[in-house]
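> Sequence and predicted structure are below.
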Amino acid sequence: MLSNSFETFVNSLQVTDDDQSKFDAHYDEIAKKLNETYWELEDSLDHAKYVGSIGRKTAISGVSDLDMLFILPKAEKNVLTIIKVMDSLHYCKK
């Protein structure tokens, strides 16, 4: 009896197929746009990874965020470094 109750409880925590479909749609849209912008790849899911509870498959029903990692080209790191340095110089002048 207790095992059935526990199984019911665990099943109630699982992310629904509908929620997973929504996460997948958002993930695909974001990954494709980032690949198009930074890698000039159309309709590609490369360079993106699920992370967080969804990526670890530990998400529970009701989770409302999607954590993902996107790998930028090395050239973007150089641009971000320049922006960071320029920003720090701006603060030094104050």
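In hand now; what should we look at? Numbering: from 1, shown residues only.

> all helices of this structure, in order?
Assigned by DSSP state H, the helices in the chain fall at 2-13, 17-39, 52-55, 74-92.

> Out of the ones you listed, which gets nearest to residue 61?
In terms of CB to CB, the element of the helices of the chain nearest to residue 61 is helix 2-13, at 5.6 Å. In short, each C-beta sits where N, CA and C put it, glycine included.

> List of residues touching the least confident helix or strand in the chain by mean pLDDT?
Using mean pLDDT, DSSP states H and E, the weakest-scoring helix or strand in the chain turns out to be helix 74-92, at a mean of 80. Applying CB atoms under 8 Å, 6 or more residues apart in numbering, the external contacts of helix 74-92 come out as residue 38.

> Geometric centre of the protein: which residue is closest?
Among the residues of the chain, residue 68 comes closest to the average C-alpha position under CA atoms, centre = their mean, at 1.5 Å.

> So what pairs up with that one in the strands?
residue 50 (DSSP bridges).

> so it makes contact with residue 47?
No - because the distance of 10.4 Å does not satisfy CB atoms under 8 Å, residue 68 is recorded as not touching residue 47.

> Give the intersection of the neighbour lists for the two.
Going by CB under 8 Å, 6+ apart, residues that sit against residue 68 and also against residue 47 are residue 31.
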